[in-house]
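Peer 1: coordinates only, no sequence provided:
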């Protein structure tokens, strides 16, 4: 039986913690998110099952966020093309940014809590919070 202090020495768990920190840091400096995604991608092969679920969850967080950002950018451009009032474009931009930030920080919060507990994410491919149970 392993003690709680040994959880962080399992293969890939320290890397998963670093990636969560990089994602949280991307709220201030966006460049840390792609770096975290690269680390998660390259660390998948050596990770144990618990860490692998977190790394997959982190990769999905990055790519779903990037896809949503492209969709919001296209919507913003479409509003400009159809001559929508400026307040609509600003509302879309700020609303998207706020929702994306809450979504990303929520996913990271749930992931960090489960990682520190030594638990895998039950649904790492989910669109929300990996089952949401903490």
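Peer 2: It's in. Remember, predicted model here, so these are calculated numbers, not experimental data.

Peer 1: check which helix or strand the residue of the chain most remote from its centre maps to.
Peer 2: The C-alpha centroid of the chain is most remote from residue 83, which lies 33.9 Å away (CA atoms, centre = their mean). Using DSSP states H and E, residue 83 falls within no helix or strand.

Peer 1: where are the low-confidence patches of this protein?
Peer 2: Within the chain, the stretches with pLDDT under 70 are 1-9, 132-134.

Peer 1: run the last query once more with 50
Peer 2: Within the chain, the segments meeting pLDDT under 50 span 1-8, 134.

Peer 1: hang on, the earlier thing: what's the spacing between the residue farthest from the centre of the chain and residue 48?
Peer 2: To residue 48, residue 83 is 55 Å away according to CB to CB, to the nearest Å. Where you see a C-beta, it was placed from the backbone N, CA and C, and this is true even at glycine.

Peer 1: please apply the same query to residue 87.
Peer 2: 50 Å.

Peer 1: these two: which is more packed in?
Peer 2: Per other CB atoms under 10 Å, whichever of residue 87 and residue 48 has more neighbours is residue 48, with 12 against 8.

Peer 1: before I go, just wanted to say thanks for your time.
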